[in-house]
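Chemist: my questions are about this predicted structure, shown below with the sequence.
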Amino acid sequence: MAHERLFSDGVTMRGGQFVVPKKVKVNEQGREVEKVQESMVSTSDTKQFFTSGVQTFFMNDPEVLDSAWMELYSVINSTSHGELFPFRNPDRAGVGVHGVVFDEVGELGEIKYTKTTANEKYVKNVKYAAAIGYSNEWFSDGSFGMIEMVTRDFRQAASDKMAAIHYAGIVAAVSGGVSLSAAVSGTEVNDFVNALNVATVIMRRNRRDPRIILGPPEVENFIAVAMFGNYGFQNVGGTLSTSLQQPATGGRAPVTGRYRTITTDHLAAGSTTSTVYIIEPKRRLVSTDREQLSLGNFQDLLHDAETLVGKFRRGVLVGEGQVIRAITGVPHALPVA
């Protein structure tokens, strides 16, 4: 977990200058002892000390509030304006992987040559940047708390933007028709499990291996019950139960065992129902890392401030629609047993 202080413990400000505690060894009555002495950072070095502290705060101890997108995307280092990926379409079972088929060949028989084809997709590395000003009065007045608060907010904003663009890529694939969706047929837990099973079978038939359910926080409790509850596998008075019952005789649906649930507030939610995304992680979901978050600062005389600038360059690509399948109409509220 990231520390909550911009600078080391004990660092304070006095008269617009940083006061830094330093451990020194002194000789007292023939014995060497360790003491803490205060060291004033000169006025000319104050801004450089601030710059070094900010760099350490961001780079060595980042506060990543939502890093789950890293489980979904394959991060690839990029060295240019964008990257071109030669994705090959998968084939159904029995037809061959990427068009390659191993046939039975008799003695002196001819081995068939297979030519694979690819669909090239280009992803552009987009620059994202922000700037914020630190009033010079904060330094002269020793407003240490204000400086730290603004820096934490700036760091959080960078983390939020990084997460938002990756989740947005998944949503755009569905809304743009690249990936398909289907609705839950009812409000019971079983209805969701059935929809999940249908989506899973479709993806597996398309040579995909879905492992992640991605959704907004509103559906977290409902999905948790679907993942770990006992439901729908017993007869109650001769009628098949479609809601939670205790004790259940059948137990957990096998399809739920393959999934891990990720929820994020970067996904929108409806008033009573929301959309969740069934995902095969890493494969065909690409994040190109052209330039990691970098910082710079300069003296802004016009606004009498020290300005901090942060920027990074990323590209996000859903290379194939079949690695995502949406389920719409997932309820927020649990059914009444």
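Modeler: Right, received. Where do you want to start?
Chemist: in the stretch 201-337 of the chain, what residue spans correspond to strands?
Modeler: Per DSSP state E, counting those that start in this stretch, the stretch 201-337 of the chain carries strands over the ranges 212-215, 235-236, 239-240, 260-263, 273-279, 285-300, 305-318, 324-331.
Chemist: run through this protein and note the low-pLDDT ranges.
Modeler: The model of the chain has pLDDT under 70 over residues 1-30, 33-49, 59-64, 89-99, 115-118, 229-254, 336-337.
Chemist: so which residues of it form helices?
Modeler: Remark: helices assigned in the chain by DSSP state H are 46-59, 136-141, 144-175, 189-205, 220-228.
Chemist: chain center to the third one, what's the gap?
Modeler: Taking C-alpha atoms, centre = their mean, to the nearest Å, the mean C-alpha location of helix 144-175 is offset from the chain mean by 10 Å.
Chemist: buried ones in it?
Modeler: For helix 144-175, the neighbour count (16 or more other C-beta atoms under 10 Å) marks 144, 147-148, 150-152, 154-155, 158-159, 161-167, 169-171, 173-174 as buried. For glycine as for every other residue, the C-beta is placed from the backbone atoms N, C-alpha and C.
Chemist: what's the angle between it and strand 324-331?
Modeler: When axes from the mean of the first three to the mean of the last three C-alpha atoms, to 10 degrees is applied, the directions of helix 144-175 and strand 324-331 differ by 100 degrees.
Chemist: what packs against helix 144-175?
Modeler: Under the contact criterion of 3 or more C-beta pairs under 8 Å, 6 or more residues apart in numbering; DSSP states H and E, helix 144-175 touches helix 46-59, strand 126-135, helix 136-141, strand 273-279, strand 285-300, strand 305-318, strand 324-331.
Chemist: change it to 7 Å
Modeler: When contacts are defined as 3 or more C-beta pairs under 7 Å, 6 or more residues apart in numbering; DSSP states H and E, helix 144-175 packs onto helix 46-59, strand 126-135, strand 305-318, strand 324-331.
Chemist: could you do the fourth one as well?
Modeler: Counting by 3+ C-beta pairs under 7 Å, 6+ apart, the packing neighbours recorded for helix 189-205 are strand 180-183, helix 220-228, strand 273-279, strand 324-331.
Chemist: hmm, back to that, closest to residue 312 out of the helices of the chain?
Modeler: helix 144-175 (7.2 Å; C-beta to C-beta).
Chemist: and that closest one with strand 285-300, angle?
Modeler: Angle, helix 144-175 to strand 285-300, by the same axes, to 10 degrees: 150 degrees.
Chemist: next, the angle from helix 144-175 to strand 305-318.
Modeler: Using the same axes, to 10 degrees, helix 144-175 lies at 20 degrees relative to strand 305-318.
Chemist: which parts of stretch 186-204 are buried?
Modeler: Going by neighbour count (16+ other C-beta under 10 Å), the buried part of stretch 186-204 is 187-196, 199-200, 202-203.
Chemist: same list (those residues) but as a markdown table, adding distance to residue 277.
Modeler: As requested, the buried residues of stretch 186-204 are exported to a markdown table (distance: C-beta to C-beta, whole Å):
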| residue | distance to residue 277 |
| --- | --- |
| 187 | 20 |
| 188 | 21 |
| 189 | 19 |
| 190 | 21 |
| 191 | 18 |
| 192 | 14 |
| 193 | 16 |
| 194 | 17 |
| 195 | 13 |
| 196 | 12 |
| 199 | 10 |
| 200 | 13 |
| 202 | 14 |
| 203 | 12 |
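Chemist: tell me which of these is nearest to residue 124?
Modeler: Using C-beta to C-beta, these come closest to residue 124 at residue 203, 28.0 Å.
Chemist: residue contacts, that closest one?
Modeler: Contacts for residue 203 (C-beta atoms under 7 Å, 6 or more residues apart in numbering) come out as 210, 278, 280, 322, 325.
Chemist: can you rerun that using 6 Å?
Modeler: Contacts for residue 203 (C-beta atoms under 6 Å, 6 or more residues apart in numbering) come out as 210, 325.
Chemist: isn't residue 284 up against residue 319?
Modeler: Yes - here residue 284 reaches residue 319: they are 4.0 Å apart, a contact under C-beta atoms under 6 Å.
Chemist: tell me which of the helices and strands packed on helix 144-175 is the most buried.
Modeler: Neighbour counts (mean count of other C-beta atoms under 10 Å) averaged over each of these peak at strand 324-331, with a mean of 23.
Chemist: quick one: strands adjacent to it?
Modeler: strand 180-183 (parallel), strand 273-279 (antiparallel) (DSSP bridges).
Chemist: who's in contact with the shortest one?
Modeler: Where contact means C-beta under 6 Å, 6+ apart, the residues beyond strand 180-183 that reach it are 174, 325, 326, 328, 329.
Chemist: no more questions from me, cheers.
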